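>>> return a 3D structure for these sequence lines:
(one chain, ligands or ions: 1)
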Amino acid sequence: MDKVLIEIRDMHKIYNPGENEVRALDGVDLTIYENEFVAIIGGSGAGKTTLMNAISGFDSKLSAGNISVNGADLHKNFDVLKGIIGYVPQQDIIYENLTLRRMLEYTAKMKMDSSVGSAERAERIEKVLEMVELIEHKDTYIRKLSGGQKKRASIAVELLADPKLFFLDEPTSGLDPGTEQNLMKTLKKLSKTQGKTIIMVTHTTQSLNLCDKIIIMGTGGRLCYMGTPEETLNFFETDSLVNVYNMVNSDALMWEKKFKDNNDNNIQSPHKEHEKIKVGNKVSLWNQFKVLTMRYAELMLHDIPRLALLLAQPVIIAVLLGIVAAEEVFDIYEDTKSILFALVCSGIWIGLFNSIQEICKERVILKREYMANLRLPIYILSKYVVQLVLGLVQTLLMLGLFAVLVGIPKEGIIFSSGFVECALTLLLTVMASAAMGLIISAFAKNGDRAMTFAPFVLIVQLLFSGILFKLEGAVDVISRVTVSRWAIEGLGSTADLNMLMSKTGIPRQAENLFTHSAQHLWQVWGILMIFVVVFGILASVLLKSVAKDQR
Ligand code: ADP
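Take a look at the predicted model:
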């Protein structure tokens, strides 16, 4: 007899217990053996996803019952057991702008022990590509693969860590019948030749004859049948699995009872001997940081249209500033203040735009990697490094052209060059704004939604910068947490706004905002740096919610 791998006893799951409770799993008993290829089918809302989330360990809050894997309680030992679990969600967990080989190289470095050498890693990648039959596409960009090939690529990503237990959420959805059948054959082969137990949720019925076992869920989270495809057809006395859907939808309670009665004499006694699970890939934090940073940089460089847009923006903005700037900039107080304010707003926009979609667009991949071993602060740090390089290039482009077209204060306070000082203030402005963008990206569920927050952030920065309205009372308090206030203070100090003549010729009182002193400028830079750090911590904390994303 095959070895028992997973045992589920009397599992219940109730969402929102109380008056509006939903019974998603109702007393499910299941046994899954090693190397089985199992499909979970049933109508919409029958509890298939809930069941798979529970067995894969990602939902640890059962209402009752227990699940054991190789004899160990799954939820109590999840940190160890997750090392043998692979999960392919419905959405692809691959980057369009990498070649298949590069994608797998990065994932291998993230998932495989740091002591594994590059030759061994390359060998594993080749092997995995062979398993999913994509070897001839290894140097193809993922965006150029077909839907079925992308699904295989996602499977390859998960196979790298050599999981024993493999879950797939509707892997064949959206595929044409031929592609679907090929994928099902590949999965069957994986279970039989690679020693994997494969469990998938599916809606299609045409290739189910390839499965070893079918689990049929009925309305109300009831287990209506579990058996081989042939046994299933016999049990329901029909010649098509499509009919089974309608039968369990119309009377799940009756089928559940019939199955239980039928099964009572037939309960398998659990196998007591279990293989010891070998897990524990250790990837150092430094390695993780290196891999994430390099992967992000490569993705950025390969997305040429986006990169062109990111680099064109500062150039176009500098030209526009050149058009609107008055002749007497850096001589006349009002004109200088206006143009510096415009420069600050541009910096904030550039930083925000650089980062606001960067996390949400890869949330599915992030979730999968976070559930494996990714550390969120390291992930945020990797984003910072690439954003810093990008921000530096943009700042130099914008300020360089600005200096040519409009001018720039000749001398600084701390540095002899006014350009260097303004560039530093602007770079910190861009970085603090990029950090704000990452916070938005950490809680927004998708890129479009993240973008809708951008105008709001910009309006707050405009209103509380101290330029349009006087910094008094609440305005002053709020302005202290806006990037714009400190950015304009920095640039205004370097430009020595207090010493410039007013258009009206009437003498003005010196403003504390623009005190031309090294101490003041250091304070401004320090505050902007604190923003960068605090926003980064906030983004990592907010990102913990990624674990609760629905799949
Ligand atoms: P299936 O995957 O078979 O379509 P699900 O497992 O997603 O079914 O859902 C089973 C039932 O539980 C459905 O009635 C669904 O509305 C409900 N449900 C699923 N997730 C939640 C949730 N997070 N909160 C409340 N109800 C939920």
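
>>> in space, what's closest to Leu428 - neighbours in sequence excluded?
Leu528 (3.9 Å; CB to CB, 6 or more residues apart in numbering). Using the backbone N, CA and C atoms, a C-beta is placed for each residue, glycine as well.

>>> quick check: that neighbour touching Ile488?
No - between Leu528 and Ile488 there is no contact under CB atoms under 8 Å: 11.5 Å.

>>> what about those two, which has more around it?
Neighbour comparison, Leu528 and Ile488: the larger count goes to Ile488, with 27 against 23 (by other CB atoms under 10 Å).

>>> please look at that one and Phe464 and confirm they touch.
No - counting by CB under 8 Å, Ile488 stays clear of Phe464, with 10.8 Å between them.

>>> quick one: which helix or strand includes the residue nearest to Leu428?
Take DSSP states H and E as the rule and Leu528 turns out to sit in helix 518-543.

>>> in that helix, what's buried?
520-521, 523-525, 527-528, 531-532, 535-536, 538-540, 542-543 (16 or more other CB atoms under 10 Å).

>>> name the SS class of the nearest residue to Ser284 once chain neighbours are set aside, please.
Spatial nearest neighbour of Ser284, chain neighbours left out: Ser114 (5.2 Å); criterion: CB to CB, 6+ apart. At Ser114 the chain is in coil, as set by DSSP: H, G, I helix; E, B strand; the rest coil.

>>> please enumerate the strands of this protein.
Using DSSP state E, the strands of the chain run over 4-15, 22-33, 37-42, 64-69, 72-73, 85-88, 165-169, 197-201, 213-218, 222-227.

>>> sorry, back to before: tell me the pLDDT of the residue nearest to Ser284.
Ser114 is assigned a pLDDT of 76 by the prediction.

>>> also Arg551?
On pLDDT, Arg551 comes in at 50.

>>> kindly report the same for Lys282.
In this prediction, Lys282 has a pLDDT value of 68.

>>> state the distance from Lys410 to Ala326.
18 Å (CB to CB, to the nearest Å).

>>> of those two, who's got more company?
Counted by other CB under 10 Å, Lys410 and Ala326 do not tie: Ala326 has more neighbours, with 14 against 10.

>>> dump the residue contacts of Tyr296.
Ser382, Lys383, Val386 (CB atoms under 8 Å, 6 or more residues apart in numbering).

>>> the ligand contacts on the stretch 401-550 of the chain?
Counting by CB under 6 Å from any ligand atom, none of the residues of the stretch 401-550 of the chain come close to the ligand.

>>> quick one, helices of the stretch 401-550 of the chain?
418-443, 447-463, 473-479, 483-494, 518-543 (DSSP state H, counting those that start in this stretch).

>>> is it true that Leu311 touches Leu396?
No - the pair Leu311 / Leu396 is not scored as a contact, 10.8 Å apart, by CB under 8 Å.

>>> what does this protein have sitting close to the ligand?
Taking CB under 6 Å from any ligand atom, the part of the chain that reaches the ligand is made up of Tyr15, Asn16, Val22, Ala24, Gly42, Ser44, Gly45, Ala46, Gly47, Lys48, Thr49, Thr50.

>>> measure the fourth one to Val244 for me?
Counting by CB to CB, the gap between Ala24 and Val244 amounts to 20 Å.

>>> now the fifth one
Applying CB to CB, one obtains 9 Å for the distance of Gly42 from Val244.

>>> mutual contacts of the two, please.
With CB under 8 Å, 6+ apart, Gly42 and Val244 have common neighbours Ile216.
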